[in-house]
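1. The sequence and its predicted three-dimensional model are supplied below.
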Amino acid sequence: MPGTEVDVVVIGMGPGGEDVGARLARAGLSVVGVDARLVGGECPYYACIPTKIMIRATDALGEARRVDALAGSAQVAPDWRPVARRIRDEATDNWDDTVAVNRFTDAGGRFVRGRGRITAPREVTVSTSEGEQVFTARRGIVLNTGTDPAVPAIDGLVETPYWTNRDAVAVEEVPASLVVLGGGPVGCELAQVFSRFGSAVTVVQHADRLLPADEPEAGELLAARFEAEGIAVRTGLSAAMVRYESGQFAIKLDNGEALAADRLLVAAGRSTDMAALGVGAVGLPENARGVHTDERMRAADGLWAIGDITGQGAFTHMSMYQARIAAADILEEPDAETADYRAVPRVTFTDPEIGSVGLSEAAARERGLSVRVGVSQLSASSRGFVHKFGNEGFIKLVEDAERGVLVGATSAGPNGGEVLGALVVAVHAEVPTRRLAQMIYAYPTFHRAIEDALSRLA
Ligand SMILES: Cc1cc2nc3c(=O)[nH]c(=O)nc-3n(C[C@H](O)[C@H](O)[C@H](O)COP(=O)(O)OP(=O)(O)OC[C@H]3O[C@@H](n4cnc5c(N)ncnc54)[C@H](O)[C@@H]3O)c2cc1C
Ligand SMILES: NC(=O)c1ccc[n+]([C@@H]2O[C@H](COP(=O)([O-])OP(=O)(O)OC[C@H]3O[C@@H](n4cnc5c(N)ncnc54)[C@H](O)[C@@H]3O)[C@@H](O)[C@H]2O)c1
């Protein structure tokens, strides 16, 4: 079928898709952006922004509860309504993307709401509420279709009104009790949010620890804090059966243990459907979990892929980073930047915050590097002494001893994600650990623990 000719079609307008589309349109290309749901993707409407608004409120509650120990007395009466209101009114415009669509069309792009599918090389067919539209993309197609919440194959689960992150961000009332299936970043962040707002929360985690992608010390730290705050954590377990009757979930774990809760949040990872995107039409495997790209984000002739589907880290900053690289390649910019994944930062915004960059100790050893590790506890630092309640955390450094540079680091504790910034520079710029040890670290800060961890490298 002959289609409308344009320069580029962007399928999926997540953070990176919106960015690459606007960059190309501003550069004078004719760009069609296609999204089946909301322009901006998961991050502003269902993920980063609404959950971080929840966490801002949760952190305020956590600090207020420390007043009695530090500064007199404070009565804390959590109220979810301001949180729900901020998410609905300030963050998501009641899940309306008019502002984002206008931002894209003001940049010169054309937006089509519908589901896009690659039907031939450089050809996209979009199913809209008014029928099908076909576009031929002279320069090519950019895929930024993201992921959906994975729903594990558990007996009875799909017949129940379980929540995913998309439901959890829109709740108007905090449930009295909640089971969270999955102890990754989504499960951990939301478990603490609902617990601090009064829910009785149990986290059921299949892996043997919370946040298994991070250093083991991070999972242990978080499990200890969860236990102290009354969040039950069951690791090494999953649900074998789920039922929903009379407003209650009945969950049978695979060790036979029975749990009951008002709500069940499924936070067990993400899924993709490559076959539905039609990647087979350009010779890519349809049963893959994502799309493999080169360092210019090229996936096939006339096809670029960015964001979660590239498997380089499901983060908004990754999607935006790759968008910049893909745009430069499509625009054939001289000396265009290429992708470098040595220093990918990630922060789980629990209290304590868990920030990490680069390789974990185990990953560095698996690569055969000659590893030295240095760990410093924040509670033993001057700032930790001053901070007292809520001072748990650590800095862990992973050095490639042969080259004398850091290849990975973790910063866990109060403002752990902010302290991480210095470590991201160190890993990214390969600053010699000798130079880092000669730096002056302000007293008494949490980041001064980096100096202590450097002195412990062994
Ligand atoms: C609860 C939660 C919290 C998170 N918090 C953070 C955080 O604090 N920091 C962080 O960096 N990351 C966070 N993330 C991850 C972050 O949301 C994603 O990495 C980010 O949204 C980037 O995804 P993306 O660019 O791949 O696309 P997405 O944001 O997933 O967007 C993809 C878009 O493509 C559209 N689409 C899909 N298929 C089609 C199709 N066939 N046709 C048309 N349109 C289609 C979808 O409708 C969607 O709008 C969080 C994720 C979750 C679930
Ligand atoms: N702050 C952030 O940057 C942030 C926040 C949230 C999510 N994210 C990103 O979004 C992505 C999705 O996060 P996520 O936490 O949903 O996924 P995840 O894959 O990181 O974690 C899911 C966890 O669920 C567990 N699990 C899987 N099946 C299970 C089952 N049947 N029963 C019990 N546990 C089970 C796994 O062991 C795993 O640890 C991640 O890649 C993450 O990096 C980032």
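-> Thanks, I have the structure now. Numbers count the residues shown, from 1 in each chain. Ligands and ions are numbered 1, 2, ... in the order given.

2. P444 and R456, how far apart?
-> Separation of P444 from R456 (CB to CB, to the nearest Å): 19 Å. Heads up, the C-betas are built off the backbone N, CA and C, glycines and all.

3. is the nearest residue to A218 once chain neighbours are set aside in a bridge, and if so with what?
-> In space, and not counting its chain neighbours, A218 is closest to I354: 4.7 Å by CB to CB, 6 or more residues apart in numbering. Taking DSSP bridges as the rule, I354 bridges to T348, A412.

4. my read: I354 touches P216, true?
-> No: with contact defined as CB atoms under 8 Å, I354 does not count as touching P216 (11.9 Å).

5. which of those two has more neighbours?
-> I354 (28 against 16; other CB atoms under 10 Å).

6. show me the contacts for the residue of the chain found nearest ligand 2.
-> Relative to ligand 2, the nearest point of the chain is G184 (2.1 Å; CB to the nearest ligand atom). The contact partners of G184, taken as CB atoms under 8 Å, 6 or more residues apart in numbering, are 211-213, 267-269.

7. Quick check on whichever residue of the stretch 151-300 of the chain sits closest to ligand 1: phi, psi?
-> Across the stretch 151-300 of the chain, the shortest distance to ligand 1 (CB to the nearest ligand atom) belongs to N165, at 3.7 Å. N165 adopts backbone torsions of phi -60, psi -30, taken as degrees, to the nearest 10.

8. where exactly do the helices run in the stretch 201-350 of the chain?
-> Ranges of helices in the stretch 201-350 of the chain, per DSSP state H, counting those that start in this stretch, are 216-228, 274-277, 316-330.

9. Tell me which of the ones you listed sits nearest to A27.
-> Smallest distance to A27 across those (CB to CB): 7.8 Å, for helix 316-330.

10. ok, now how distant is H387 from A60?
-> H387 is 17 Å from A60, by CB to CB.

11. who has more neighbours, those two?
-> Neighbour count, other CB under 10 Å: between H387 and A60, H387 has more, with 20 against 13.

12. how many neighbours does the residue nearest to that one when sequence neighbours are not counted have?
-> Distances taken as CB to CB, 6+ apart place P414 nearest to H387, at 6.4 Å, with adjacent residues excluded. By other CB under 10 Å, 20 other residues sit near P414.

13. Now do the contacts for P414.
-> With CB under 8 Å, 6+ apart, P414 has these contacts: 351-353, 378, 387, 390-391, 393, 446.

14. in the stretch 201-350 of the chain, which ranges drop under the pLDDT threshold?
-> Judged by pLDDT under 70, the stretch 201-350 of the chain has no weakly predicted residues.

15. for ligand 1, what are the nearby residues on it?
-> 277, 307-308, 314-317, 319 (CB under 6 Å from any ligand atom).

16. which of the residues you listed has the most neighbours?
-> Within these, neighbour counts (other CB under 10 Å) peak at G307, which reaches 34 neighbours.

17. need the contact list for the residue nearest to that one when sequence neighbours are not counted.
-> Spatial nearest neighbour of G307, excluding adjacent residues (CB to CB, 6+ apart): S319 at 3.9 Å. Counting by CB under 8 Å, 6+ apart, S319 touches 14-17, 19, 41, 43, 144, 306-308.

18. repeat that for 10 Å
-> Shown in contact with S319 (CB atoms under 10 Å, 6 or more residues apart in numbering): 14-20, 41-43, 144, 146, 306-310, 312-313.

19. how deep is the residue nearest to W163 when sequence neighbours are not counted tucked in, by neighbour count?
-> The shortest distance from W163 to any non-neighbouring residue, by CB to CB, 6+ apart, is to L265 (4.7 Å). By other CB under 10 Å, 26 other residues sit near L265.

20. I'd assumed V180 was in contact with L265.
-> Yes: with contact defined as CB atoms under 10 Å, L265 and V180 form a contacting pair (4.7 Å).

21. burial measure for the nearest residue to G247 once chain neighbours are set aside, as a count.
-> Distances taken as CB to CB, 6+ apart place D262 nearest to G247, at 6.9 Å, with adjacent residues excluded. By other CB under 10 Å, the residues close to D262 number 16.

22. any idea how far V291 is from the closest residue to ligand 1 within the stretch 301-450 of the chain?
-> Residue of the stretch 301-450 of the chain nearest ligand 1, by CB to the nearest ligand atom: G307 (2.4 Å). Computed as CB to CB, the G307 to V291 distance reads 10 Å.

23. Overlap in contacts, the two.
-> 143, 145, 297.

24. In strands, which of the residues you listed appear?
-> Using DSSP state E, the subset of the shared contacts of G307 and V291 located in strands is L143.

25. what comes up buried for stretch 229-240?
-> Neighbour counts over stretch 229-240 (16 or more other CB atoms under 10 Å) mark 231, 233-235, 237-239 as buried.

26. Do any residues in it lie close to ligand 2?
-> Yes: counting by CB under 6 Å from any ligand atom, ligand 2 is contacted by stretch 229-240 at 238-239.

27. so how far is that stretch from its chain's centroid?
-> 21 Å (CA atoms, centre = their mean, to the nearest Å).

28. For stretch 228-241, C-alpha coordinates in CSV please.
-> Output of stretch 228-241 as CSV, limited to C-alpha atoms (Å, rounded to 0.1, in the frame of the first residue of the first chain):
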residue,chain,number,x,y,z
ALA,A,228,12.3,-1.8,61.4
GLU,A,229,9.4,0.1,59.8
GLY,A,230,7.1,-3.0,60.0
ILE,A,231,7.2,-4.0,56.3
ALA,A,232,7.3,-7.9,56.1
VAL,A,233,9.8,-9.2,53.6
ARG,A,234,9.6,-12.8,52.2
THR,A,235,12.6,-13.6,50.0
GLY,A,236,13.2,-16.6,47.8
LEU,A,237,9.4,-17.0,47.4
SER,A,238,6.7,-16.4,44.9
ALA,A,239,2.9,-16.9,44.8
ALA,A,240,1.6,-20.2,43.7
MET,A,241,-2.1,-19.2,43.7
